[in-house]
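Student: sequence first, then the predicted structure, then my questions.
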Amino acid sequence: MVGRYRASKEKSKSRYYVLLSIVFVIVLFKWGIPLFIQVVAGNGSPRQNTDKDLIPPQAPTLSALPEATNSASLLVEGYTEASTSLDFLVNDHLSLTDKAKEDGSFSSIVTLDADSNRVQVRATDEAGNISISEVEIVQLDRKPIEITITSPKDGTEFFGKNKQVVDIKGETNKKDSQIIINSSFVVIEKDGNFVQRIQLLNGNNEIKVVASDKAGNSTEKVFNLVYTP
């Protein structure tokens with residue numbers, strides 16, 4: 001009786017293991033092998049995650065820009081990652097869009113819109129990664145330079161040895177400008193006044209005063225002094 005019970009129990013276990021093996025084989029062929037093939041072929045999700053481009057392009061580097069200019073049109077040049085899309089920003093507003101060349105260089109003209117302008121270039125690659133250049137400040141200065149010669153007056157005549165050396169005195173409305181009188185640089189005081197001593201030659205002496213600033217504004221004033229030994 002006991003032997004018959006044991007035989008029946010062993011037979012049930014055998015049927016259970018056979019059924020479990022059949023289920024395992026079905027699962028393996030239906031899901032396991034196709035998933036394995038996808039991973040090996042590179043179509044599975046693990047490979048897709050590793051292929052995604054998360055690296056931003058090289059931050060644009062700008063060539064030296066002028067500290068100031070009298071023109072609203074400003075040439076911006078530099079380099080970044082090749083073929084990236086570029087946004088040219090002035091005071092955080094989009095001025096224009098362009099694309100870097102195959103060697104990574106770029107050159108475009110932006111429009112300045114204020115007295116002080118923050119200039120930047122933003123690069124975006126095909127994957128949508130973004131990088132941006134450092135800020136460059138460019139002043140837009142269209143204010144003309146004015147020169148006033150306070151002494152001596154145009155056409156003044158000087159006589160004798162003790163009158164051969166003359167002080168040219170004047171003033172300018174732009175204290176940061178540069179003044180040259182007959183090829184000699186002149187020091188401008190904090191109040192805008194200047195003095196330059198020159199030695200007259202016999203006869204008519206043309207005095208040329210040229211003033212210029214960092215933005216490229218300039219003006220010139222010419223007058224004459226007469227000297228007789």
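Tutor: On my side now, so go ahead. What you are looking at is a predicted structure, and each value in this text was computed from that prediction instead of being measured.

Student: hey, let's count contacts and neighbours off CA atoms from now on
Tutor: Fine.

Student: outline the domain layout of the protein.
Tutor: 2-51, 61-140, 147-228 (automatic domain parsing).

Student: I'd like the ones you listed as JSON lines, with mean neighbour count appended.
Tutor: Below are these laid out as JSON lines (neighbours: other C-alpha atoms under 10 Å):
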{"stretch": "domain 2-51", "mean neighbour count": "11"}
{"stretch": "domain 61-140", "mean neighbour count": "17"}
{"stretch": "domain 147-228", "mean neighbour count": "16"}
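
Student: got CSV for the ones you listed, with mean pLDDT too?
Tutor: CSV is the format used below for those (pLDDT from 0 to 100):
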stretch, mean pLDDT
domain 2-51, 54
domain 61-140, 97
domain 147-228, 97
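
Student: which residues in this protein form helices?
Tutor: Listed in chain order, the helices of the chain (DSSP state H) span 2-27, 33-41, 45-51.

Student: what sits against the closest residue to Ile147 other than its chain neighbours?
Tutor: Nearest residue to Ile147 in three dimensions, chain neighbours excluded: Thr172, at 4.7 Å (C-alpha to C-alpha, 6 or more residues apart in numbering). By C-alpha atoms under 8 Å, 6 or more residues apart in numbering, Thr172 lies in contact with Ile145, Glu146, Ile147, Thr148, Gly192, Asn193.

Student: can you check Ser177 too?
Tutor: Taking C-alpha under 8 Å, 6+ apart, we find Ser177 in contact with Ile145, Ala211, Ser212, Asp213, Lys214.

Student: same question, Asp213
Tutor: Asp213 touches Asp176, Ser177, Gln178, counting by C-alpha under 8 Å, 6+ apart.

Student: hmm, try it at 10 Å
Tutor: Contact partners of Asp213, counting by C-alpha atoms under 10 Å, 6 or more residues apart in numbering, are 68-70, 141, 143-145, 174-179, 219.

Student: ok so, going back, from the contacts of Ser177, which land in strands?
Tutor: Those of the contacts of Ser177 mapping onto strands are Ala211, Ser212, per DSSP state E.
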